[in-house]
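**Q** Here is the input, now give the coordinates:
(one chain, ligands or ions: 1)
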Amino acid sequence: MSATARQWLERIRALPLPDRVRIMNVCGGHERSISMAGLRGTLPPQVELIPGPGCPVCVCPEEDVYHAMQIALQDPEVIVVSFGDMLRVPVNLPLKETRSLEQAKAAGGDVRPVASPTEAVEIARANPGRRVVFFAAGFETTTAPVAAMLAGDPPENLLVLLAGRRTWPAVAMLLESEDRSFDALIAPGHVATVMGPEEWDFVVEQHRLPAAVAGFHPESLLAATYSVLRQLVEGKCFLDNCYPEVARPGGNATARRFLDETMDVIDAGWRGIGTIPASGYGLREHLAARDARRHFPDYGAHDRKRAGLMPKGCDCARVVLGKIYPNQCRIYGSACTPRTPVGPCMVSDEGACRIWWSNGIRTREVA
Ligand code: SF4
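**A** Predicted coordinates:
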């Protein structure tokens with residue numbers, strides 16, 4: 001641990017803390033840094049760091065995954081591309097059926113992982129006689145590059161199956177719920193970099209909760225933790241930007257313009273949770289020709305109406321909402337492991353279950 005991190009820890013330990021303080025983070029990158037650096041074990045025992053809705057792959061509606069799988073399975077002319085994590089996300093079908101994009105590829109579909117929208121464009125250029133469907137799930141930081149790609153006039157054979165989500169409406173929903181499960185928020189530095197830190201002002205202004213924007217190093221996370229704890233102790237609340245070198249007022253104007261020009265804000269489904277108002281992105285009307293949802297039948301995907309449902313025994317929705325810790329899921333480490341994932345949180349590098357498992361937490365706790 002660096003000298004700076006140790007200094008932040010000393011300051012935190014010197015605070016006259018209440019018996020219990022619950023601080024939520026809403027970013028898979030934050031949760032990964034917290035877990036890898038072992039920050040939970042170094043903080044005073046009354047401080048709880050709760051992973052919340054920070055994994056876009058985990059909240060992508062099952063029907064969208066199913067739709068992408070069916071496009072790949074039923075139209076051999078099409079190439080389906082998606083970010084690598086998404087390929088292993090299982091849908092809730094019997095084990096003997098094709099249950100993921102990876103399995104759709106094994107069954108003959110042309111499914112390819114990509115690391116960026118640029119790779120999707122390259123694949124479309126290299127295959128001018130075929131349609132390429134880019135299944136794009138992500139939060140603002142991932143969706144903005146998709147918007148930039150669309151604004152850049154990509155090849156005509158590149159279509160988008162968009163599942164972009166906005167982070168703050170999910171936090172607003174949690175704050176408005178009766179059983180709010182946290183006392184302070186560490187806001188996501190990447191999202192604030194794109195959209196501007198002030199997007200998180202509502203946490204303070206409407207809900208009177210301490211909040212701090214954090215970067216991804218332990219030092220920044222500890223600075224944000226200290227900030228919200230001190231606010232609580234002193235009975236103040238404000239939005240502290242502990243990532244000012246990157247997250248600037250107004251965010252990234254170019255990225256926001258691309259989002260505005262290519263996408264509308266829509267009500268959107270979150271897997272296991274249901275519809276959250278104004279929490280998603282949809283392609284704007286002038287991009288209808290790019291919209292894979294208009295080009296392909298949905299193969300019954302939306303008759304499945306599964307956005308609010310999860311596989312039997314799976315507690316992913318409660319993990320995503322910060323109601324329980326990952327290892328409090330009933331099947332953590334037994335039926336559900338990275339080799340045999342039941343829910344998406346054990347698949348994605350940003351999923352809390354995967355992160356906890358990868359950092360050596362193998363025992364289940366009773367909630
Ligand atoms: S252990 Fe598996 S099923 Fe349970 S919450 Fe995590 S990913 Fe979902």
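
**Q** residues touching the nearest residue to Glu31 once chain neighbours are set aside, list them.
**A** With Cβ to Cβ, 6 or more residues apart in numbering as the criterion, Glu31 has its nearest non-adjacent residue at 4.4 Å, and that residue is Pro51. In this view, the C-beta of every residue, glycine as well, is placed from N, C-alpha and C. Counting by Cβ atoms under 8 Å, 6 or more residues apart in numbering, Pro51 touches 24-25, 31, 319, 322, 325-326, 352, 355.

**Q** among these, which are in strands?
**A** 24-25 (DSSP state E).

**Q** Quick check: of the contacts of Pro51, which lies closest to Tyr66?
**A** Val319 (21.6 Å; Cβ to Cβ).

**Q** tell me the contacts of the closest one?
**A** So Val319 contacts 51, 325-326, 329, 345, 352-353 (Cβ under 8 Å, 6+ apart).

**Q** top of those residues by neighbour count?
**A** With neighbours taken as other Cβ atoms under 10 Å, the top of these is Cys345, carrying 34 neighbours.

**Q** Surely that one is in a helix?
**A** Yes - with DSSP: H, G, I helix; E, B strand; the rest coil as the criterion, Cys345 is part of a helix.

**Q** Correct me if wrong: it contacts Trp357.
**A** No - with contact defined as Cβ atoms under 8 Å, Cys345 does not count as touching Trp357 (9.8 Å).

**Q** Spit out the residues that contact those two alike.
**A** Counting by Cβ under 8 Å, 6+ apart, the shared contacts of Cys345 and Trp357 are Pro326.

**Q** hang on, the earlier thing: out of the contacts of Val319, who's near the ligand?
**A** The subset of these within reach of the ligand, by Cβ under 6 Å from any ligand atom, is 326, 329, 345, 353.

**Q** Verify the contact between the first one and Gly343 for me.
**A** The reference is to Pro326. No - using Cβ under 8 Å, Pro326 is not in contact with Gly343; the gap is 10.0 Å.

**Q** Tell me the residues that contact both of the two, please.
**A** Any residue near both Pro326 and Gly343 by Cβ under 8 Å, 6+ apart counts here, and that gives Cys353.

**Q** Dump the contacts of Val319 into JSON lines; add pLDDT as well.
**A** What follows is those, written out as JSON lines (pLDDT from 0 to 100):
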{"residue": "Pro51", "pLDDT": "97"}
{"residue": "Tyr325", "pLDDT": "97"}
{"residue": "Pro326", "pLDDT": "97"}
{"residue": "Cys329", "pLDDT": "96"}
{"residue": "Cys345", "pLDDT": "96"}
{"residue": "Ala352", "pLDDT": "97"}
{"residue": "Cys353", "pLDDT": "97"}
